[in-house]
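sequence and predicted structure are below.
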Amino acid sequence: MTDWTWEYLPDAEHVVGGLDPALRRDVEKLAARLADAASVRYLGDPPSHESGVSRLLDHAEGRLMIWYQEHRRQSTILVVRIAHLG
């Protein structure tokens, strides 16, 4: 099993800048869980004919929605956008 990580793309300021700290922690917990799920789902490197980067994916929990990509070659979840229905 490969240890996956996550990061903001392009950076935290663009994705979660200005959010309440508690909401930002919720986003980071969700991103960590997505990375844990990817580490179980993907074994080994992607086939050479694949780019290794997924299309834009989304996941919602409660009032929080996160858009992300899975970068298989780097074993990284890239968080690109969030929405909070508050």
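Arrived safely. These figures come from a predicted structure and were not determined experimentally.

where along this protein do the strands fall?
Ranges of strands in the chain, per DSSP state E, are 5-8, 57-61, 64-71, 76-84.

do you know which of these lies nearest Leu19?
Among the strands of the chain, the nearest to Leu19 by Cβ to Cβ is strand 76-84 (7.6 Å). Where C-beta positions appear, they are placed from N, C-alpha and C, glycine not excepted.

can you tell me the average pLDDT over that closest one?
The average pLDDT within strand 76-84 is 97.

so which of the strands of the chain gets nearest Glu50?
strand 64-71 (11.2 Å).

and the closest one, what does it pack onto?
Judged by 3 or more Cβ pairs under 8 Å, 6 or more residues apart in numbering; DSSP states H and E, the packing partners of strand 64-71 are helix 21-41, strand 57-61, strand 76-84.

and the longest one with strand 64-71, angle?
Helix 21-41 runs at 40 degrees relative to strand 64-71, counting by axes from the mean of the first three to the mean of the last three Cα atoms, to 10 degrees.
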